[in-house]
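Asker: I would like the atomic coordinates for the input below:
(one chain, ligands or ions: 2)
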Amino acid sequence: MRRGKTFIICGPSGVGKGTVVARLLASDPTLYFSVSATTRAPRPGEQDGKHYHFLTMEQFEQWIAEDQFLEHAQFVGNRYGTPQLYVDKAMEQGRDVLLDIEIQGAEQVHRKRPDAVRIYVAPPSWAELERRLIGRGTEDMERVRSRLERGKVEFAAAKDFDYFVINDTVDHAVSEIQAIMAAEHCRPDERITLIDQ
Ligand code: ADP
Ligand code: 5GP
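Answerer: Numbers count the residues shown, from 1 in each chain. Ligands and ions are numbered 1, 2, ... in the order given. Below is the predicted model of the structure:
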């Protein structure tokens, strides 16, 4: 049986990562979405344990002290982290893992797990990113501005990623990511191991 791979989906807030990830999960029930922990408040419709584990600051620090995170970072006033245990379990079961995380977290995972594949998702333009972020209606204008600024600063790191996908249409972005995932399972090391087994 092949071992699962970890795919990091990174990109500016509002680009459509959550939308694209939801479509990928719907099209392949074997995919495992890593549910992050966060100290931010739930948005309408977000469920604890499904979209995030919503923690207090004290609980988040407790998880750090217990070494439960594969990575964790601060993003525009809130903290976010990837619980490690379930990522490892899913990969051992042969499931591919999707991480929807920001750039500092992606760098931490890359250092710890160099075989994790980093996919940067970019908007077709900054004006379109702003439209999407405002259109989502989940943040006030001050937070929208902070998120846009942060996205532009982080864009400098995009060239170091393994892949770069433009989310012009959701269909297009999803099919490119599916192609990347399929290609990553055609690497010689994995295929030769399968034949040896
Ligand atoms: P992120 O998870 O990256 O912060 P979301 O998935 O929440 O972004 O998407 C932000 C907004 O943009 C949502 O309202 C979503 O419906 C919309 N959106 C996502 N992808 C596209 C696209 N390709 N074209 C137009 N709107 C999109
Ligand atoms: P949001 O508040 O819009 O859900 O997420 C804000 C940012 O935090 C997004 O860029 C998202 O990818 C990132 N994020 C979500 N979960 C994690 C995580 O576990 N770790 C890190 N480093 N970033 C995360």
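Asker: switch to C-alpha atoms for all contacts and neighbour counts from now on
Answerer: Fine.
Asker: tally of neighbours for Ile119?
Answerer: Neighbour count of Ile119, defined by other Cα atoms under 10 Å: 21.
Asker: Next: Ala65.
Answerer: Other residues within reach of Ala65 by the criterion other Cα under 10 Å amount to 10.
Asker: Backbone torsions only: list them for Ala116.
Answerer: phi -70, psi 140 (degrees, to the nearest 10).
Asker: And for it, the neighbour number?
Answerer: 19.
Asker: Touching the lowest-mean-pLDDT helix or strand in the chain from outside, list them.
Answerer: Ranking every helix and strand in the chain by mean pLDDT, DSSP states H and E puts helix 188-196 at the bottom, with a mean of 90. If you take Cα atoms under 8 Å, 6 or more residues apart in numbering as the criterion, helix 188-196 is touched by Met1, Arg2, His185.
Asker: Enumerate the residues of this structure near ligand 1.
Answerer: Selection of the chain residues close to ligand 1 by Cα under 6 Å from any ligand atom yields 13-19, 132-133, 135-136, 167-170.
Asker: which of those count as buried?
Answerer: Ser13, Gly14, Val15, Gly16, Lys17, Arg132, Leu133, Asn167, Asp168, Val170 (16 or more other Cα atoms under 10 Å).
Asker: could you pick out which of those residues are near ligand 2?
Answerer: Residues of those in contact with ligand 2 (Cα under 6 Å from any ligand atom): Ser13.
Asker: Backbone dihedrals for the residue nearest to Ala122 when sequence neighbours are not counted, please?
Answerer: Spatial nearest neighbour of Ala122, chain neighbours left out: Ile166 (4.8 Å); criterion: Cα to Cα, 6 or more residues apart in numbering. With angles defined as degrees, to the nearest 10, Ile166 sits at phi -100, psi 120.
Asker: Repeat that for the one 10 residues further on.
Answerer: Backbone torsions of Glu176, given as degrees, to the nearest 10, read phi -70, psi -40.
Asker: In strands, which of the residues of the chain next to ligand 1 appear?
Answerer: With strands defined by DSSP state E, no entry of these lies inside them.
Asker: Those in helices, which ones?
Answerer: Assigned to helices by DSSP state H, the following of the residues of the chain next to ligand 1 qualify: Lys17, Gly18, Thr19, Arg132, Leu133, Gly135, Arg136, Val170.
Asker: Roughly how far does the fourth one sit from Asn78?
Answerer: As for Arg132, its distance to Asn78 is 21 Å (criterion: Cα to Cα, to the nearest Å).
Asker: And for the last one?
Answerer: Spatial separation of Val170 from Asn78 under the definition Cα to Cα is 27 Å.
Asker: Out of the contacts of helix 188-196, which end up buried?
Answerer: Using 16+ other Cα under 10 Å, nothing in the contacts of helix 188-196 comes out buried.
Asker: quick one: which of these is nearest to ligand 2?
Answerer: Set against ligand 2, the nearest of these by Cα to the nearest ligand atom is His185 (24.0 Å).
Asker: Having no further points to raise, I will conclude here.
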